[in-house]
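Enquirer: What shape does this take:
(chains A and B)
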Number of protein chains: 2
Amino acid sequence: MALQLSTEYTGETFPSQADLRKLAKQAGDALQALENGTGAGAQMRGWLHHANGFLQSAEYKRIVETANELRKTTQALLVIGIGGSYLGARAVIEAVRSQYANQLPGAYPVFFAGNTMSAAEYANIGALLEGKDFAINIISKSGQTLEPAVAFRHFYAKLRANCGGDAAQIRRRVVVTTDSETGDLLAQAKANDWKRFVVPGDIGGRFSVLSAVGLLPIACAGVDIAQLLGGAAAAEEAYTSAGAKLEENPCLYYAALRYYYYAIECKSVELFAFYEPSMAMFGEWLKQLFGESEGKEKKGLFPASVVFCTDLHSLGQYVQDGERILFETVVGFQNDPNNITVEIDDPGDPLYFVQGKQISDINATICRATSMAHAAGDCPTLMLQADARDAVSIGWLIYFFEKACAVSGYMIGVNPFDQPGIESYKNNMYALLGKAGKQYDKIRAALQDAYQI
Amino acid sequence: MALQLSTEYTGETFPSQADLRKLAKQAGDALQALENGTGAGAQMRGWLHHANGFLQSAEYKRIVETANELRKTTQALLVIGIGGSYLGARAVIEAVRSQYANQLPGAYPVFFAGNTMSAAEYANIGALLEGKDFAINIISKSGQTLEPAVAFRHFYAKLRANCGGDAAQIRRRVVVTTDSETGDLLAQAKANDWKRFVVPGDIGGRFSVLSAVGLLPIACAGVDIAQLLGGAAAAEEAYTSAGAKLEENPCLYYAALRYYYYAIECKSVELFAFYEPSMAMFGEWLKQLFGESEGKEKKGLFPASVVFCTDLHSLGQYVQDGERILFETVVGFQNDPNNITVEIDDPGDPLYFVQGKQISDINATICRATSMAHAAGDCPTLMLQADARDAVSIGWLIYFFEKACAVSGYMIGVNPFDQPGIESYKNNMYALLGKAGKQYDKIRAALQDAYQI
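Expert: Got it, this is the predicted structure:
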């Protein structure tokens, strides 16, 4: 496994040698701050050197055992969490297996709840679980975040009913991933003697997919988490030993180039593009990773994502000809195990020019053809190519993007590990819902005043 | 049914009275050009006065009959199409039924192929259809667009094998939606005596969801298309009789305000926000509608979409605190038929402040709380509220956005009905795949020269 970064499709926007020298210096400084722990938020770098150690840990073994047991003894898993406690697991499951992972024959379905307050979604998840002997993995650091906390109470009641209230049966079907030392959920888990896994204190939500937060649901879906962690460990090794020369370190090079397009070429949007529909949720994970890490202090590229060819007939027109505010980052795969050939008997068929070609080869050709078109249309395209869409590559990509994101964040001068903006909606929400507390009383009064409610 | 547009959450960015007067004039002129057919692309306004007439048409009756027959005699429908021949139908099915429409008990599943060249997707769709007696609806104006044309050949071979090659059996399972007068697919359909529906000549792909293009798949999925068309017809009536005063015509007002945020406030991104996960594909439809209509001549807002609460823990941070390049358009629903209450027994539970509340009421409160937070963070929010997430409202919203988009397009001075940029990738693709033709030879030579391939 190795990840290739190609700048072949950047058209005329590629930085000059002088710019590259400056970028190398800036990126190198950011990398050093990250590695040495001298940057902002340094206490949240637990993900930076994580995978190898975690593979050797007792927690890892317990995750594998628990997943195997749940798959054997129950019929579905309901994962309850929001943000990093939702997106990473779903992204990996769909990327490695498929967007239809739950629907394909023989699947042990993994559903997600607690990331919305849609009553329709509550009803739908209820219908999907109806008649199934399901387990719950509730993932929440504090246990107090409203969306997962409400969902847990709702679906736990159903699980308890399924078990006829038998505490031993319930214990086999409830797994808690939470803080190791403090919080409501920890207390509740202890009181009920539920199985517990740890939300690490030094890894933020959007960097947590390779901890128990992501790994338990991922393992339950049948993905080999040893390979996933192995891919991440190999990437860590590669990007640690590669040093600070841009051309020898694709992770650093990518961070430097996206900084260049943002700060020097004044692009507003980084468009992540995939040619595999099952990568759509990985695109959502990338939007969370970059949007939450960089989108602060009125800074940051706006992260968007597309799945081509589908979206070539949607946003493709904009990418080609709209405002020149975009650059594109393609995440592709060099090998495809699906051996499907176009079979056309009639030489008079207007499609006969693709007769006998592999579908995957046509896809790769479309990727090149499109990148050339976009580059010619002044939308520069960075091309990342992993080996294949499997657990090893996805693990590698996760580490690659996490590290590039941290470096990028330092380059634009923000703390890539906090998310202060989320409090604004939360505080308003708690105030309007009537939660007790002086800070909420104050906010409520201000909102009532502003909006005459 | 009526759609409310609220500007309550625009914070300090709301246009001045002088600006509003100017906007009213500009929007009124654009509306007139649209209504009178004096604007660019006027021949593609078939959607503008469509729904009522179509409801009375023989084609409409045949769609309902065909859908009923397919639902009765087969086990699944495979819809093959790309762009407007894919997205509209899927968006409506998921919006009205749910994102789990295919998985819920009793569903007649509707799958989509031909919008990608992913070999994995071919394999997955194959696995989902395995053992099912399925029908195909191939939707393509010319029949020559590569992605659906290849998919049709591939899956038609499977369908033919299912039928043991019996032409009468095949005829009951293949429905073609194509041009009424010309094209390969029309010829093939005639030669095989397949059932045919019409891709209207005066309605472009992204405006075609309320023609046979969208309606047949939508009806097959069990959505009441009379209600859908009825909603659109009511919207047409409302926005035709409302005239050109902004405050009396929400459709025009919305078009004017999004123009204001783009051209005067210099925003780059319109962020469509939903509080219902099943609206995610409707967001994709909006991205196609606006991106393809406006993204040309180096102009246009970049359309993005989010589903909250999920994405409040993802892009939420960026929306609150990142670059101030966004405005937000919320599409919400005032009534929710799902009667689900939070039930918490223990008054000591830290969540007891939501005890007894309806989940849907909490969702509505979060929507308001978030919009207030974003407005305070200088991300203005336009709030659209439909009655309920049903066929009537979705039909209304489709018409609302189509008309607003056309007016918007005229306001920024582009032809909202063409998509010249899509040819760039297509031409490169055909050239690299070796399609015969002098234009492709020329492109191939140029690409080989530029990229040393």
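
Enquirer: Quick check, central residue of chain A?
Expert: Nearest residue to the geometric centre of chain A (CA atoms, centre = their mean): A:Trp285, 2.5 Å.

Enquirer: Could you check the pLDDT of the closest residue to it other than its chain neighbours?
Expert: In space, A:Trp285 comes closest to A:Ala91 once its chain neighbours are excluded; the distance is 3.8 Å by CB to CB, 6 or more residues apart in numbering or on different chains. For glycine as for every other residue, the C-beta is placed from the backbone atoms N, C-alpha and C. At A:Ala91, the predicted lDDT confidence score is 98.

Enquirer: Could you do A:Met1 as well?
Expert: A:Met1 carries a pLDDT value of 61.

Enquirer: and if you look at A:Leu271?
Expert: 98.

Enquirer: and if you look at the one 5 residues further on?
Expert: The pLDDT attached to A:Glu276 in the predicted structure is 98.

Enquirer: The residue lying closest to it once chain neighbours are set aside: how many residues sit nearby?
Expert: Sequence neighbours aside, B:Ser118 is the residue nearest to A:Glu276 in space, at 4.9 Å (criterion: CB to CB, 6+ apart). Counted with other CB atoms under 10 Å in any protein chain shown, residues neighbouring B:Ser118 total 28.

Enquirer: residues contacting B:Ser118?
Expert: Residues counted as contacts of B:Ser118 (CB atoms under 8 Å, 6 or more residues apart in numbering or on different chains) are A:Tyr275, A:Glu276, A:Pro277, A:Ser278, A:Ile359, A:Asn363.

Enquirer: And stretch A:208-226, what's buried?
Expert: Taking 16 or more other CB atoms under 10 Å in any protein chain shown as the basis for neighbour counts, the residues of stretch A:208-226 that come out buried are A:208-225.

Enquirer: Can you confirm whether that stretch lies near chain B?
Expert: No - Stretch A:208-226 is not in contact with chain B by CB under 8 Å from any CB of the partner chain; minimum separation 12.2 Å.

Enquirer: Kindly report the residues of the stretch 351-453 of chain A close to chain B.
Expert: Within the stretch 351-453 of chain A, the positions near chain B by CB under 8 Å from any CB are A:351, A:353-354, A:357-360, A:362-363, A:365-366, A:368-370, A:372-374, A:376-377, A:389, A:419-422, A:424-425, A:427-429, A:431-436, A:447, A:450-451.

Enquirer: Try it again at 7 Å.
Expert: For the stretch 351-453 of chain A, the contact set with chain B under CB under 7 Å from any CB of the partner chain comprises A:351, A:353-354, A:359-360, A:362-363, A:365-366, A:368-370, A:372-373, A:376-377, A:389, A:419-422, A:424-425, A:428-429, A:432-436, A:447, A:451.

Enquirer: which of these are buried?
Expert: With burial judged by 16+ other CB under 10 Å, the buried subset of those is A:351, A:353-354, A:359-360, A:362-363, A:365-366, A:368-370, A:372-373, A:376-377, A:389, A:419, A:421-422, A:424-425, A:428-429, A:432-433, A:435, A:447.

Enquirer: Filter the residues you listed down to just the ones in helices.
Expert: Using DSSP state H, the members of these that fall within helices are A:359-360, A:362-363, A:365-366, A:368-370, A:372-373, A:376, A:422, A:424-425, A:428-429, A:432, A:447.

Enquirer: end-to-end on stretch A:232-252?
Expert: Terminal residues of stretch A:232-252 are spaced 16 Å apart (CA to CA, to the nearest Å).

Enquirer: Let me know the average pLDDT across that stretch.
Expert: 94.

Enquirer: Nearest spatial neighbour of A:Leu382, chain-adjacent residues omitted?
Expert: Computed as CB to CB, 6+ apart, the closest residue to A:Leu382 that is not its neighbour in sequence is A:Thr329, at 4.8 Å.

Enquirer: what number of residues lie near that neighbour?
Expert: Neighbour count of A:Thr329, defined by other CB under 10 Å: 24.

Enquirer: How far does the helix or strand the residue nearest to A:Trp285 falls within sit from its chain's centre?
Expert: Using DSSP states H and E, the secondary-structure element containing A:Ala91 is helix A:87-96. With CA atoms, centre = their mean, to the nearest Å as the basis, the distance from the averaged C-alpha position of helix A:87-96 to the chain average is 7 Å.

Enquirer: And the contacts of it?
Expert: Surrounding helix A:87-96, the residues in contact under the criterion CB atoms under 7 Å, 6 or more residues apart in numbering or on different chains are A:79, A:101, A:110, A:112, A:208-209, A:213-214, A:217-218, A:221, A:223, A:228, A:278-279, A:281-282, A:284-285, A:288, A:389-391, A:394, B:314.

Enquirer: Filter those residues down to just the ones in helices.
Expert: Counting by DSSP H, those place A:Val213, A:Gly214, A:Pro217, A:Ile218, A:Leu228, A:Met281, A:Phe282, A:Glu284, A:Trp285, A:Gln288, A:Ala391, A:Ile394 in helices.

Enquirer: Quick one, grab the pLDDT at whichever residue of the stretch 151-300 of chain A sits closest to chain B.
Expert: As assessed by CB to the nearest CB, chain B sits closest to A:Gly295 within the stretch 151-300 of chain A, at 2.8 Å. Model confidence at A:Gly295, given as pLDDT, is 98.

Enquirer: from what I can see it touches B:Gly322, true?
Expert: Yes - with contact taken as CB atoms under 7 Å, A:Gly295 and B:Gly322 are classed as touching, separated by 3.0 Å.

Enquirer: The residue of the stretch 151-300 of chain A closest to chain B: what's it in contact with?
Expert: Counting by CB under 7 Å, 6+ apart, A:Gly295 makes contact with B:Gln317, B:Tyr318, B:Asp321, B:Gly322.

Enquirer: Also within reach of chain A: list those from these.
Expert: With respect to chain A, and counting by CB under 7 Å from any CB, the subset of the contacts of A:Gly295 in contact is B:Gln317, B:Tyr318, B:Asp321, B:Gly322.

Enquirer: Next step: those restricted to helices.
Expert: B:Gln317, B:Tyr318, B:Asp321.

Enquirer: hey, where'd the helices end up in the stretch 101-250 of chain A?
Expert: Under the criterion DSSP state H, counting those that start in this stretch, the stretch 101-250 of chain A contains helices at A:119-129, A:146-162, A:167-171, A:184-192, A:212-220, A:225-241, A:250-259.

Enquirer: quick one, domains of chain A?
Expert: Domain assignment of chain A by automatic domain parsing yields the ranges A:4-38+A:242-412, A:51-228.

Enquirer: I'd like these as TSV, with distance to B:Leu128 appended.
Expert: Shown next, in TSV, are the domains of chain A (distance: least, CB to CB, whole Å):
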stretch	distance to B:Leu128
domain A:4-38+A:242-412	13
domain A:51-228	6
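
Enquirer: of all these, which lies closest to B:Gly53?
Expert: Comparing these by their distance to B:Gly53 (CB to CB), the top pick is domain A:4-38+A:242-412, with 27.3 Å.

Enquirer: burial measure for the residue nearest to A:Gly243 when sequence neighbours are not counted, as a count.
Expert: Excluding its sequence neighbours, the residue lying closest to A:Gly243 (CB to CB, 6+ apart) is A:Asn249, at 6.2 Å. Using other CB under 10 Å, A:Asn249 has 25 other residues around it.

Enquirer: contacting residues for A:Asn249?
Expert: A:Tyr239, A:Ala242, A:Gly243.

Enquirer: Show me which of those is closest to B:Gln32.
Expert: The shortest gap between B:Gln32 and any of those belongs to A:Tyr239, at 59.1 Å (CB to CB).
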